[in-house]
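**Q** Everything below, folded, please.
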Amino acid sequence: MKSHYQILIIGGGTAGIMTATSLLSKNKKLDIALLEPSQKHFYQPAWTLVGAGAYSFKRTEKLTHKLIPRNVTWIQDYAIKVNPEQNMVETKSTGILTYDYLVIATGLVMEPSLIEGLPEALANGTVCSNYINPEYTWEVLQNFKGGNAIFTQPTTPIKCGGAPQKIAYLAADYFKRKKIASRTNLIFATPGSVIFGVKPIRETLMHVIDRYQILFRHHWAPVKIDAKQKKVFFKYTGEEENECILTKDTTLQEESSGNTIIELPFDMLHLAPPQAAPKFIRESVLSSSSGWLAIDHHSMQHKKFSNIFGLGDVADLPTAKTGAAVRKQVPVVVTNILHLIATEKISDKKYNGYSSCPLVTGYNKMVLAEFDYTGNFTPDPKLKQLLIFNSDKEHRRLWFLKKYGLPYLYWKKMMRGKEV
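**A** As a prediction, the model looks like this:
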C-alpha cells in the first residue's frame, strides 16, 4: 500500500463517505484515501426510534466497505496524530501517511468520564442512553413501572442536540399508552435556558411538554451519578430563584461557590453523555480554544492551514451537529477543494449554517426544525410536495418522513454523493 495520496480523508462516517463519493462524482481521476477503522457504519438518526421500539436496530447498520466507492482506497486504521506543517498523518498501525489535501471528518467521541459516576452507571445498566445502546433504552422503557423518569443532557456540545428530548416525548407517549403516566414523574432537564432555540419550534414544543405534563427544568447541568443509590446530581446554573423541588426525597444543597446542587432520585435515567472532538484533534494545533476543529464557518477551510478542510461533528461551527448539516457542508468542501486544486484558490461557495432537527414528539407525530446560523426558521420548500405547509407544527406525515423518507434519502442519495 502506498503512503501518499492527493486527498486524504480522516473519518468514514456520514461526512467522510459523502465527501469521498461526491469528489469522485466530480472527477474520477482524483487519488483519494479514506482512513476509517470501523467495519460497520450506522444510521444513527434512527436510534431515537430504536430506543422507543419503533425501528429495528439492524436496519440502521451496513458494512463500511459497501459504502466506500471502489476507486477510493480504504485504510482500515486509526489516526492518532496530524502534523499539518509536514502534511503528515500518523496512524495506529499503518505508519505515516502524507497528503496534498486533508479532509477531517472524524466525528466526535463520547466522554462519559466528564460526569462523575457516569461510566460506572452506564456499565452496570443503571443509566441508559440512545447514544450508546438504543436497544437497551427500549428494554428499560418496557420494564419501567412508574416513579421518576429523568431525561437530561450534558453541558458539552452533542450530536443531534434534540435527541435527548425526543426520547423523553416518546417515553411520555409510551407511558400514557401503557397506562402508567399517572404514577410517573417525567422530568426533562437541560443546562440550556430554553427547550429549543428557534422560536416557532420552541412554542410547539412547550405545548407538547404541557400535554404530557413533563416537568421541564432549565439551567440544570448533570454533574454526578450515584449508581448504587440511584440518584442524579445537578448543578443549577441560572440566576433566578430555583423553585424545583419535585418529590419529598429531593434535597437542595448549597456549595461554597453559591451554586445550588439538586439531588434527585430516579427510577429511570436517560442521559446523553458528554461529547468532544477526538483527543488527537483537540490536543493539536488544529483545534480552536474550545477543543473543536478550527475552520472558517463559511468556507469550511481550516483557519491556519489552507490545504485542510473540515466538516461534520468535529467542526467548531455555531450550529447543530447533524447529518442534515453535513448534507449542506459537503458541497462546499468539495467545490472548494476542487477549485483549490485547479486554481490555488477556493471558490466563493459558502455554508450558511443550515441544520435541521426532526423532533419526534410521540408515536406518529413529528416537528421538523430547520434553521441557519442566525437561528431563522428555514423550512424546505420541497415539504409542500408532501402537503406539509407548517413543519413547525406536529404532523403525521413528518413522522413517516422520519421513519421512511429520511433513511431512504440517507442510504440512496447522501451516501452516494448526490446533492439533495
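**Q** hey, let's count contacts and neighbours off CA atoms from now on
**A** Fine.
**Q** what residues does the helix or strand hosting Asp173 touch?
**A** Using DSSP states H and E, Asp173 maps to helix 163-177. With CA atoms under 8 Å, 6 or more residues apart in numbering as the contact definition, helix 163-177 has outside contacts at 48-49, 51-52, 141, 151-153, 181, 186, 188, 208-209, 212, 214, 270-272, 359-363.
**Q** tell me what the next helix or strand after that helix is packed against?
**A** Later in the chain than helix 163-177, the nearest helix or strand by DSSP H and E is strand 184-190. For strand 184-190, the packing partners by 3 or more CA pairs under 8 Å, 6 or more residues apart in numbering; DSSP states H and E come out as strand 147-152, helix 163-177, strand 215-218, strand 220-226.
**Q** Kindly calculate the angle that strand 184-190 makes with strand 220-226.
**A** Here strand 184-190 runs at an angle of 120 degrees relative to strand 220-226 (axes from the mean of the first three to the mean of the last three CA atoms, to 10 degrees).
**Q** Pairing partners for strand 184-190, with directions?
**A** Using DSSP bridges, the strands paired with strand 184-190 are strand 147-152 (parallel), strand 215-218 (parallel).
**Q** closest to Asp313 out of these?
**A** Proximity to Asp313, assessed across those by CA to CA, is greatest for strand 147-152 (20.2 Å).
**Q** For that closest one, list the C-alpha coordinates in PDB.
**A** Output of strand 147-152 as PDB, limited to C-alpha atoms (Å, rounded to 0.1, in the frame of the first residue of the first chain):
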ATOM      1  CA  GLY A 147     -41.600   6.700  39.600                       C
ATOM      2  CA  ASN A 148     -39.100   9.300  38.500                       C
ATOM      3  CA  ALA A 149     -38.100   9.100  34.800                       C
ATOM      4  CA  ILE A 150     -35.400  11.600  34.100                       C
ATOM      5  CA  PHE A 151     -34.000  12.700  30.700                       C
ATOM      6  CA  THR A 152     -31.100  15.000  30.500                       C
END
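**Q** what's the spacing between Ile341 and Ala272?
**A** Distance, Ile341 to Ala272, using CA to CA, to the nearest Å: 40 Å.
**Q** Which residue of those two possesses the greater neighbour count?
**A** Comparing Ile341 with Ala272 by other CA atoms under 10 Å, the one with more neighbours is Ala272, at 24 against 14.
**Q** Next, count neighbours for the closest residue in space to the more buried one that isn't next to it in sequence.
**A** Residue nearest to Ala272 in three dimensions, not counting chain neighbours: Gln153, with 4.9 Å by CA to CA, 6 or more residues apart in numbering. If you count neighbours by other CA under 10 Å, Gln153 ends up with 25.
**Q** Now do the contacts for Gln153.
**A** Pro164, Ala189, Thr190, Pro191, Ala221, Pro222, Leu271, Ala272, Pro273, Pro274.
**Q** and these as JSON lines, adding distance to Lys328?
**A** Converted to JSON lines, the contacts of Gln153 look like this (distance: CA to CA, whole Å):
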{"residue": "Pro164", "distance to Lys328": "24"}
{"residue": "Ala189", "distance to Lys328": "31"}
{"residue": "Thr190", "distance to Lys328": "28"}
{"residue": "Pro191", "distance to Lys328": "28"}
{"residue": "Ala221", "distance to Lys328": "31"}
{"residue": "Pro222", "distance to Lys328": "33"}
{"residue": "Leu271", "distance to Lys328": "29"}
{"residue": "Ala272", "distance to Lys328": "25"}
{"residue": "Pro273", "distance to Lys328": "26"}
{"residue": "Pro274", "distance to Lys328": "26"}
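**Q** Out of the residues you listed, which two sit at the greatest distance?
**A** Ala189 and Pro274 (14.6 Å).
**Q** what bits of the chain have low per-residue confidence?
**A** Along the chain, the model assigns pLDDT under 70 to residues 239-259.
**Q** care to break it down by domain?
**A** Following automatic domain parsing, one gets these domains for the chain: 4-108+277-354, 110-271.
**Q** Switch these over to CSV; also include distance to Asn390.
**A** Below are the domains of the chain laid out as CSV (distance: least, CA to CA, whole Å):
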stretch, distance to Asn390
domain 4-108+277-354, 18
domain 110-271, 10
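**Q** Does Ile80 lie in a helix or a strand, and which?
**A** Assigned by DSSP H and E, Ile80 falls in strand 79-83.
**Q** tell me which residues in that strand are buried?
**A** By neighbour count on 16 or more other CA atoms under 10 Å, the buried set for strand 79-83 is Ala79, Lys81, Val82.
**Q** Could you dump these into a markdown table with distance to Thr106 added?
**A** Formatted as a markdown table, these follow (distance: CA to CA, whole Å):
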| residue | distance to Thr106 |
| --- | --- |
| Ala79 | 9 |
| Lys81 | 12 |
| Val82 | 12 |
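**Q** quick one: which of those residues is nearest to Glu419?
**A** Ala79 (28.3 Å).
**Q** isn't that closest one right next to Thr91, touching?
**A** Yes. The criterion here is CA atoms under 8 Å, and Ala79 meets it with Thr91 at 4.4 Å.
**Q** which residue sits closest to the most centrally placed residue in the chain, ignoring its sequence neighbours?
**A** Most central in the chain under CA atoms, centre = their mean is Lys159, positioned 1.5 Å from the mean C-alpha point. Distances taken as CA to CA, 6+ apart place Lys321 nearest to Lys159, at 4.8 Å, with adjacent residues excluded.
**Q** now do Gly53
**A** Trp138 (5.8 Å).
**Q** hey, which helix is longest across this structure?
**A** The longest helix of the chain (DSSP state H) is helix 323-343.
**Q** residues in contact with that helix?
**A** Contacts for helix 323-343 (CA under 8 Å, 6+ apart): 14-15, 18-19, 22-23, 101, 299-301, 309-312, 345-347, 349-351, 353-357, 414, 419-420.
**Q** Among those residues, which lie within helices?
**A** Thr14, Ala15, Met18, Thr19, Ser22, Leu23.
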